[in-house]
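> Dropping a prediction and its sequence here:
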Amino acid sequence: IHRAKAYFASEQIGQAMVDINKSLQLDPNNVETYLLLADVYYALGDQDNIASTLNKAVEINSLDARPLVKLAELNLLQQNYNLAFAYVDKALGLASYNPKAYFVKGMCYMVSKQDTVNALRNFQLASEQDANFYDPVEQISRIYAVQQPPYAMDYLRKAQQQFPDIPTPRYELAMYLQSHGEPEEALAHYDTTT
């Protein structure tokens, strides 16, 4: 399974599948293998097999929140919002420390209900639980940029400092500065994103 993960990371899907199948022959009840297989199916755009693979992982270990979070993501993608909320709530019922689950729940609120208050609350929980998780920070900065401009600048600067190796925070800050009448400072930040 470790070799399959390495193949998958280097986009050698065929080789990854060979090792995944070998892993399933050796241990057909390994949740890790099914989680990786679901990721492979996602990369291939095979949504039907993603769901059946993740459901198999849940059958194997109903106390593992990871396949439930992935099922929530899949249902969010498929616009099955009630199912997405149900899966993410079940995952959080198993483990309240779950930054990915809070992020997915925040996205559910954003996409299905345009509820930025609850989305923001969940993105902040995700960010507090994992300071290295950039996705919720990005969503928070976007909400602030639209709804609370006075806080946006501070938050975008903080995101840039917190994630210096990711160009997106610098780019978002540059765009914000440009749209708020600070073209000189915006150019300085654009120059650092390349």
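Looks like it came in fine. Residues are numbered from 1 along each chain as shown.

> Buried ones in stretch 7-23, by neighbour count?
Across stretch 7-23, burial judged by 16 or more other C-beta atoms under 10 Å covers 7-8, 16-17, 19-20, 23. Where C-beta positions appear, they are placed from N, C-alpha and C, glycine not excepted.

> ok, now stretch 61-72?
Those buried within stretch 61-72 under the rule 16+ other C-beta under 10 Å are 64-72.

> Kindly report the same for stretch 130-141.
Within stretch 130-141, the residues scored as buried using 16+ other C-beta under 10 Å are 130, 133-141.

> Output the buried residues of stretch 61-72 in JSON lines, with secondary structure and distance to residue 168 appended to each entry.
Rendered in JSON lines, the data for the buried residues of stretch 61-72 read as follows (DSSP: H, G, I helix; E, B strand; the rest coil; distance: C-beta to C-beta, whole Å):
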{"residue": "64", "secondary structure": "coil", "distance to residue 168": "31"}
{"residue": "65", "secondary structure": "helix", "distance to residue 168": "27"}
{"residue": "66", "secondary structure": "helix", "distance to residue 168": "25"}
{"residue": "67", "secondary structure": "helix", "distance to residue 168": "28"}
{"residue": "68", "secondary structure": "helix", "distance to residue 168": "28"}
{"residue": "69", "secondary structure": "helix", "distance to residue 168": "23"}
{"residue": "70", "secondary structure": "helix", "distance to residue 168": "23"}
{"residue": "71", "secondary structure": "helix", "distance to residue 168": "27"}
{"residue": "72", "secondary structure": "helix", "distance to residue 168": "24"}
